[in-house]
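A.B. asks: Below are the sequence and a predicted model; questions follow.
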Amino acid sequence: MEDRIGQALKALRDADSGVDTGADAEVRAVLAFRRQQRRRGLRRAAIPLAIAAASLITIASWQATRAIPRHLTAVQEPNAREVLTPFYPLMQSSPPFERGLLMRITVPASTMRRVGLPVADDHLADQVQADVLVGQDDLARAIRFVTYTK
Amino acid sequence: MSGLEPIAIELQLVKRLLKGDEEAFAALYRAHSGPICRFALQMTGRMDIAEDVTQETFLALAIHGKRYDPARGSVLAFLYGIARNLVLKRFGKERPENASPLLEEIGGDDDVLEDLTRRESIEEVRRAVLSLPQAYREAVVLCELGEATYEAAAWVLGCPVGTVRSRLSRARAMLAKKLMAGSLVL
């Protein structure tokens, strides 16, 4: 019976060996990491701001020293021109889009294949840049990919 | 970095992560999301919870990674510890015994009946593991189904290696009893 338990557990281990969260979950995780870092950055900035506000006392001086969230910028090579694909939806059905944020992130090229774009097998692990449209509910709604030409 | 040991490379990634490096986050996620997702799935029986736990685990690493001590074990073992705490928090709300069954697509090939029988057997094993008391379930999931050594499991569970071994032995006995009742075919 000991052998059969070992075999049974091995069968379950083998059956689950391919289980992973997938490329779209990785995109969501990276976006969540960005939000976390932005919140932490704002919190860290809030301490000196509070000290400055206390020392300056006036509301005007407090407003002048308020932290402004860092704006995300695309990474561009010199003399390169950006070429964008159309947006591809990431959700089958989603609540109406009211407002959102466009975030530039780096994703594995395998993500392109997930939306139907051709990617050679030996390039699936390559890194590509993408713009992800995040809705008011913090869900990634659509993605477009960025390439550069000289 | 090519001349460094894997554990030193991972330590560098963790240090970069703590400084907010997104590439380090993605690299660590890619390297370890699979084992962490499987751990959470096998502990809870729920893929939706497993995905949440996986993301929360890596976000927690970005905050608490300074507690990671490479002398005590690998980054994966540290991540297992975070994931375990998150899973245990979830258990307060959702017991794995109440988990809905996993839905899988059944292939349409010639061996569909054999395939179906095998899948049912595997799901029977999964249910048996899920029904184990938590202390025994996590030992089985870490050491038998996961990639943890006994030493790593002892670190994750906060107990001596001997306790891990005895829990595994007891867990196997409990699994044998449960699976014998179900006339397991594998």
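C.D. replies: Looks like it came in fine. Note that the structure is a prediction, hence the values are computed from the model and not measured. Numbers count the residues shown, from 1 in each chain, chains lettered A, B, ... in the order given.
A.B. asks: Quick one: list the elements packing against the longest helix along chain B.
C.D. replies: Determined from DSSP state H, the single longest helix within chain B is helix B:22-44. Counting contacts by 3 or more CB pairs under 8 Å, 6 or more residues apart in numbering or on different chains; DSSP states H and E, helix B:22-44 is packed against helix A:23-56, strand A:100-108, helix B:6-18, helix B:47-64, helix B:75-91, helix B:112-130. The way it works is simple: take the backbone N, C-alpha and C, and place the C-beta from them, glycine included.
A.B. asks: can you tell which of these is closest to residue A:92?
C.D. replies: helix A:23-56 (11.8 Å; CB to CB).
A.B. asks: Partner strands of the strand or helix carrying residue A:141, with direction?
C.D. replies: Using DSSP states H and E, residue A:141 sits in strand A:140-149. Strand pairing for strand A:140-149, using DSSP bridges, gives strand A:81-84 (antiparallel), strand A:88-89 (antiparallel), strand A:127-135 (antiparallel).
A.B. asks: What residues sit buried inside the longest helix of chain B?
C.D. replies: Under the neighbour-count criterion of 16 or more other CB atoms under 10 Å in any protein chain shown, helix B:22-44 has B:22, B:24-29, B:31-44 buried.
A.B. asks: quick one on the thing from earlier: so which of the strands paired with strand A:140-149 is the most surrounded?
C.D. replies: Ranked by mean neighbour count under mean count of other CB atoms under 10 Å in any protein chain shown, the strands paired with strand A:140-149 are led by strand A:127-135, which reaches a mean of 19.
A.B. asks: CA atoms only for it - export them in CSV, please.
C.D. replies: Provided in CSV are the C-alpha atoms of strand A:127-135 (Å, rounded to 0.1, in the frame of the first residue of the first chain):
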residue,chain,number,x,y,z
GLN,A,127,10.9,40.6,-23.3
VAL,A,128,8.7,43.0,-25.1
GLN,A,129,7.1,46.3,-24.0
ALA,A,130,3.4,46.6,-23.8
ASP,A,131,0.8,49.2,-22.8
VAL,A,132,-1.9,47.8,-20.5
LEU,A,133,-5.2,49.6,-20.1
VAL,A,134,-6.3,49.3,-16.5
GLY,A,135,-9.9,50.2,-15.7
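A.B. asks: low pLDDT regions in the chain?
C.D. replies: Defaulting to chain A. Filtered on pLDDT under 70, chain A yields the residue ranges A:1-2, A:42-78, A:94, A:150.
A.B. asks: other chain: chain B
C.D. replies: Looking at chain B by pLDDT under 70, you get B:1-4, B:92-117, B:182-186.
A.B. asks: can you list the residues of chain B near chain A?
C.D. replies: B:20, B:22-23, B:25-26, B:29-30, B:33-34, B:37-38, B:41-42, B:47, B:50-51, B:54-55, B:58-59, B:62-63, B:118-119, B:121-122, B:125-126, B:129, B:140, B:144-145, B:172, B:175-176, B:179-180, B:184, B:186 (CB under 8 Å from any CB of the partner chain).
A.B. asks: OK, contacts around the residue nearest the centre of chain B?
C.D. replies: Residue closest to the average C-alpha location in chain B (CA atoms, centre = their mean): residue B:39, at 1.5 Å. Contact analysis of residue B:39 by CB atoms under 8 Å, 6 or more residues apart in numbering or on different chains lists B:80, B:83, B:84, B:87, B:141, B:142, B:146.
A.B. asks: Okay, residue B:26 and residue B:58: tell me how far apart.
C.D. replies: 10 Å (CB to CB, to the nearest Å).
A.B. asks: Just give the nearest non-adjacent residue to residue B:53, would you?
C.D. replies: Closest residue to residue B:53 apart from its sequence neighbours, by CB to CB, 6 or more residues apart in numbering or on different chains: residue B:40 at 4.0 Å.
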